[in-house]
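Q: The sequence and its predicted three-dimensional model are supplied below.
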Amino acid sequence: MTPKIQLSDVHKRFGPKVVLNGVDLSVAPAESMVIIGGSGTGKSVTIKCILGLLRPDSGSIKVDGVDVAGLSGRALAAHQARFGMLFQGGALFDSLPVWRNVSFALSGGAADRRAAAIDNLARVGLGADIADLRPSELSGGMQKRVALARAIAVRPEILFFDEPTTGLDPIMADVINDLIRNLVTDLKITALTITHDMSSVRKIADSVAMLYEGRIIWHGPRDGIDSAGNPYVDQFVHGRAEGPIRMQVRRL
Ligand SMILES: Nc1ncnc2c1ncn2[C@@H]1O[C@H](COP(=O)(O)OP(=O)(O)OP(=O)(O)O)[C@@H](O)[C@H]1O
């Protein structure tokens, strides 16, 4: 089966700083993969390269077997339209009511777009009663659901989740993790999630890849993370200060 997303030996540097140093990654259609790794290891850069927002220095990135590097203009816009994104902060427009946020990328008349918004709100467990509220009138967890409704409204083939549970209490985080898992399964979307939150990994992932020093140093099924036999994965999964991963901490 052709992978939905395939990165082969991807390199990317900014000036002297090498961020990606030979990333290999393969995501199957309808698979939910979670990329873990410390701050600044290049998780966002990887996703921006897949989206075609950043161009790798070398290596190839293919989506459905088509090289992203060769795309420009309309073809690149069509490529980017296949993705839905859930950003860390939700990135809702507070000047617009909820329903306009959810239907932002949809075409058609206002009545149809409002109906589509309400349908997508229902998929994330929200009622039509909040459709006319402003995002600032909602709790953080509800805002996250609205952002999720917006991300799925365009029925993307691939969804990116960037730290989907940041800023949520553990119970709301669990609700969002469940929602993501169910949406991805029901809508058969390929999902790529970046997170530091191990409870998200355990809920959302089919498979996990760990990025460290510009490379994927471990890749395996979700249930393999506890017995990865890799000291880097072990340290990250258990959140230990001691281990092969060294944090740069400036002492005062
Ligand atoms: N446009 C850019 N220009 C220069 N450096 C950049 C640019 N984008 C990213 N970087 C650098 O690349 C490195 C990786 O950044 P990236 O945002 O991918 O990290 P991350 O793994 O997503 O981190 P976090 O978990 O903290 O969000 C960082 O050192 C960052 O400063």
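A: All right, it came through fine.

Q: can you list the weak-confidence ranges in the stretch 101-250 of the chain?
A: In the predicted model, the stretch 101-250 of the chain carries pLDDT under 70 at residues 247-250.

Q: which stretches of it form strands?
A: 158-162, 190-194, 207-212, 215-221 (DSSP state E, counting those that start in this stretch).

Q: Output those as JSON lines; include the columns mean neighbour count and distance to Asp129.
A: Just so you know, the C-beta spots here come from the backbone N, C-alpha and C atoms, and that holds for glycine as well. Conversion of the strands of the stretch 101-250 of the chain to JSON lines gives the following (neighbours: other Cβ atoms under 10 Å; distance: least, Cβ to Cβ, whole Å):
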{"stretch": "strand 158-162", "mean neighbour count": "22", "distance to Asp129": "26"}
{"stretch": "strand 190-194", "mean neighbour count": "25", "distance to Asp129": "29"}
{"stretch": "strand 207-212", "mean neighbour count": "22", "distance to Asp129": "38"}
{"stretch": "strand 215-221", "mean neighbour count": "16", "distance to Asp129": "41"}
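
Q: Dump those to a markdown table, plus distance to Val98.
A: Shown next, in a markdown table, are the strands of the stretch 101-250 of the chain (distance: least, Cβ to Cβ, whole Å):
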| stretch | distance to Val98 |
| --- | --- |
| strand 158-162 | 20 |
| strand 190-194 | 23 |
| strand 207-212 | 33 |
| strand 215-221 | 37 |
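
Q: Stretch 74-85 vs the ligand: in contact?
A: No: Stretch 74-85 lies apart from the ligand when judged by Cβ under 6 Å from any ligand atom; the minimum separation is 13.7 Å.

Q: and that stretch, what's its mean pLDDT?
A: Taken as a whole, stretch 74-85 has an average pLDDT of 88.

Q: Buried residues, it. List them.
A: The neighbour-count criterion (16 or more other Cβ atoms under 10 Å) identifies His79, Arg82, Phe83, Gly84, Met85 as the buried residues of stretch 74-85.
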